[in-house]
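Enquirer: this is the structure alone, sequence omitted:
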């Protein structure tokens, strides 16, 4: 059997003596969509940041397609080139056009020519419904369009795993659907996705597995039907009750 795309063994992280991740074990297979749910401060964002090596773990190991990426000898930039990440804020470069934002990694990380990168970038922007916005700067886009552009940039290099950190939290409610529809399409196309989200209905409908974090621990995980319909742990039940009220 091939290695899982992602494996975390006993991952721990603390800040100023406060334990944020307290021993996370998680396996993500090729093509799997994993939704991380839990209250603010439960460790979801920190977990994603450790996977992308934006935060170094204090203990434990993270494996990407069989490679221990927590080994201090690995080149973090080369690892990040294999992982797509989209944050709550769009983080698009304001001085670049939408097309330039999408193609920057193709050109500077993958070494593709501008002509080749632009052709691939335009095709990708058409795919996410932003082809007509290719020459615009980010400040000319709506929040939903900016987030779709950020997702396009994240998948431009065909990453092995896509990390999404509460990507709809900064959007007006009417713009949430257009961004989630894009993620739904990526999931249907077989992308491997780990997403932190408060969109419970979306997690229920799209995720293969739901992981409930509480105070830096994975307290419960299972299929959406198992976690949402028959949660075992009292803390999971209390958390989900907020969304049923």
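Expert: On my side now, so go ahead. As the structure is a computational prediction, the values presented were derived from the model and not from experiment.
Enquirer: all strands of the chain, in order?
Expert: Along the chain, counting by DSSP state E, strands occupy 6-15, 18-28, 33-37, 59-64, 67-68, 83-86, 161-165, 193-196, 209-214, 217-222.
Enquirer: strand 6-15 and the last one, what's the angle between them?
Expert: If you take axes from the mean of the first three to the mean of the last three C-alpha atoms, to 10 degrees, strand 217-222 sits at 150 degrees to strand 6-15.
Enquirer: which positions within the longest helix seen in the chain qualify as buried?
Expert: Determined from DSSP state H, the single longest helix within the chain is helix 173-188. Buried residues in helix 173-188, counting neighbours by 16 or more other C-beta atoms under 10 Å, are found at 175, 176, 178, 179, 180, 182, 183, 186, 187. Heads up, the C-betas are built off the backbone N, CA and C, glycines and all.
Enquirer: show me how far that helix is from its chain's centre.
Expert: 13 Å (C-alpha atoms, centre = their mean, to the nearest Å).
Enquirer: on that earlier part again, with mean neighbour count and distance to residue 53 added, can I get the strands of the chain in CSV?
Expert: Formatted as CSV, these follow (neighbours: other C-beta atoms under 10 Å; distance: least, C-beta to C-beta, whole Å):
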stretch, mean neighbour count, distance to residue 53
strand 6-15, 18, 12
strand 18-28, 18, 14
strand 33-37, 25, 18
strand 59-64, 18, 8
strand 67-68, 13, 12
strand 83-86, 24, 8
strand 161-165, 23, 11
strand 193-196, 25, 14
strand 209-214, 23, 20
strand 217-222, 19, 20
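Enquirer: ok, which of those comes nearest residue 148?
Expert: Taking C-beta to C-beta, strand 83-86 is the member of these nearest to residue 148, at 9.8 Å.
Enquirer: any idea how far residue 63 lies from residue 228?
Expert: Counting by C-beta to C-beta, to the nearest Å, the gap between residue 63 and residue 228 amounts to 29 Å.
Enquirer: follow-up on the earlier one: would you turn the buried residues of helix 173-188 into JSON lines with distance to residue 131?
Expert: Listed next are the buried residues of helix 173-188 as JSON lines, based on distance: C-beta to C-beta, whole Å:
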{"residue": "175", "distance to residue 131": "19"}
{"residue": "176", "distance to residue 131": "22"}
{"residue": "178", "distance to residue 131": "15"}
{"residue": "179", "distance to residue 131": "17"}
{"residue": "180", "distance to residue 131": "20"}
{"residue": "182", "distance to residue 131": "14"}
{"residue": "183", "distance to residue 131": "19"}
{"residue": "186", "distance to residue 131": "17"}
{"residue": "187", "distance to residue 131": "22"}
